[in-house]
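1. kindly return the folded structure for what I paste below:
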Amino acid sequence: MAYKLLPAGNALAIAEREFATAAVLGFTAFTSCIGVVVLDNNTLTGVHLSMTGGGAVATPFNKMGVAQVIGLVGDTYTRAVVFGCVNFWKNPQNGVLDNYLDMIARLNPLTIRDIGNGTYTATILGAEIVIT
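-> Residues are numbered from 1 along each chain as shown. Predicted coordinates:
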């Protein structure tokens, strides 16, 4: 089964393996997830990543997932933030470390915030992305 990202039905409730673009983003609960948010021309694009894809077979976040994220955020953004349960993704036993490292190597400039489980929002303050 492929790791597939889908458009969110609501930019204020981006669920696992969904993405949205808006001035303000909201994410459903992170339990082992991470988010990627970029700022481009006063607009945010956010992606809610789970370690495995949906479906009957749990496919880990893989090269296809990395390619989708990079394609969604584009290359004209001025800021990028990866946040959430970063330490889970950095644990080699979870099977996503290599692809996580590949993804973050492609995001520049990047801020990484290991802030654990929670329900988060992303807003713009001047030229910065604020995660609360």
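2. any weak-confidence spans in this structure?
-> Within the chain, the ranges that satisfy pLDDT under 70 run 1, 55-57.
3. one more time with 80, if that's ok
-> Across the chain, residues meeting the criterion (pLDDT under 80) sit at 1-2, 54-58.
4. quick one: the strands in it?
-> 6-7, 18-22, 25-26, 34-40, 43-49, 79-84, 110-114, 121-125, 128-131 (DSSP state E).
5. what packs against the first one?
-> Okay, so that is strand 6-7. The contact analysis (3 or more Cβ pairs under 8 Å, 6 or more residues apart in numbering; DSSP states H and E) places strand 6-7 against strand 18-22. In short, each C-beta sits where N, CA and C put it, glycine included.
6. roughly how far is the strand it packs on from the heart of the chain?
-> Centre-to-centre, strand 18-22 and its host chain are 10 Å apart (Cα atoms, centre = their mean, to the nearest Å).
7. and if you look at stretch 34-43?
-> 9 Å.
8. with stretch 89-101 instead?
-> On Cα atoms, centre = their mean, the centre of stretch 89-101 falls 14 Å from the chain's centre.
9. can you tell me how far I34 sits from P92?
-> Remark: distance between I34 and P92 (Cβ to Cβ, to the nearest Å) = 16 Å.
10. okay, now V73: neighbour count?
-> When neighbours are counted by other Cβ atoms under 10 Å, V73 registers 23.
11. how much space is there between the closest residue to it other than its chain neighbours and P92?
-> Once flanking residues are discounted, V73 sits nearest to V38: 4.4 Å by Cβ to Cβ, 6 or more residues apart in numbering. The gap separating V38 from P92 is 27 Å, by Cβ to Cβ.
12. neighbour count: these two, which is higher?
-> Legend: neighbour count by other Cβ under 10 Å for V38 and P92, higher for V38 (25 against 8).
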